[in-house]
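J.: With the sequence up front, the predicted model follows.
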Amino acid sequence: MIISSYCNHLTRYLKTLGHKAPKPAVSDYFAWFEDACVLFTVRIFDASPARANTNPKKIYCVDHALVTSISSGILVNSGHLLENLLFTALRRVTPEIFSYKTRAGREVDFIAGRQGSSRVLVQVCQSMADQQTRKREIAALAEAMTELKLSQGIIVTRNEEEQIQVDSGKIDVVPAWRFLLNMPEST
């Protein structure tokens with residue numbers, strides 16, 4: 001979830017409960033949780049650090065149960081939890097995790113890996129059964145593969161599995177359990 005959006009939602013939610021919650025205070029709490037390694041922010045991948053820092057950041061929590069227990073269901077759905085699970089798994093392997101926005105404005109959930117080693121593009125999707133969702137996820141990943149000159153991408157789903165050929169290479173659709181089992185120990 002995008003951090004500024006999350007701050008806005010949480011601020012409004014706390015106000016409906018009768019709490020005085022100014023947005024700057026909520027943002028400060030997010031910063032403190034990040035310092036304590038409870039929350040992590042993910043920047044958009046960009047060659048310019050200045051541009052990367054000005055774009056909205058996505059936020060992930062180290063503890064999935066904490067997310068569900070404090071969110072009351074208003075901020076999280078099972079797709080977000082799956083994305084959070086994949087983030088924590090990738091974070092164990094590398095601290096170099098970004099989101100990616102293509103030139104056409106399509107988003108890819110993760111680009112992970114170190115500068116000198118190979119990078120991996122990972123898109124997270126609960127299910128690709130809906131044709132619009134399928135088309136959107138494949139188009140975003142294929143476009144990112146072309147722009148980053150990568151020949152492989154991964155779409156992680158709950159339980160679907162297939163290989164899709166695109167102009168820029170191959171997209172592996174894998175269930176989350178298989179993706180997690182095939183993760184390297186660390187880089």
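T.: All right, it came through fine.
J.: for the chain, what are the low-confidence residue spans?
T.: 1-6, 47-56, 64, 67-78, 114-117, 185-187 (pLDDT under 70).
J.: go again using 50 as the cut-off
T.: Low-confidence segments of the chain (pLDDT under 50): 1-2, 187.
J.: Break it down into its structural domains.
T.: The record's domain parsing of the chain by automatic domain parsing lists 1-76, 78-187.
J.: Buried deepest among those, which one?
T.: Highest mean neighbour count of the domains of the chain: domain 78-187, a mean of 16 (counted as mean count of other CB atoms under 10 Å). For every residue, glycine as well, the C-beta is placed using N, CA and C.
J.: Mind listing the residues bridging to Ile59?
T.: In this structure, Ile59 bridges to Thr41 when assessed by DSSP bridges.
J.: in this protein, which spans are strands?
T.: Along the chain, counting by DSSP state E, strands occupy 39-42, 58-61, 97-101, 107-112, 120-124, 152-157, 162-166, 169-175.
J.: show me what contacts Arg91?
T.: The contact partners of Arg91, by CB atoms under 8 Å, 6 or more residues apart in numbering, come to Phe40, Tyr60, Ile97.
J.: try 10 Å
T.: By CB atoms under 10 Å, 6 or more residues apart in numbering, Arg91 lies in contact with Cys37, Phe40, Val42, Tyr60, Val62, Ile97, Phe110, Ala112.
J.: do Ser168 as well
T.: Ser168 sits in contact with 141-153, where contact means CB under 10 Å, 6+ apart.
J.: residue ranges for the helices of this protein, please.
T.: For the chain, applying DSSP state H gives helices covering 3-16, 23-35, 49-54, 64-71, 78-93, 131-148, 176-181.
J.: As TSV, those with distance to Cys125 would be great.
T.: TSV is the format used below for those (distance: least, CB to CB, whole Å):
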stretch	distance to Cys125
helix 3-16	20
helix 23-35	26
helix 49-54	24
helix 64-71	18
helix 78-93	7
helix 131-148	5
helix 176-181	10
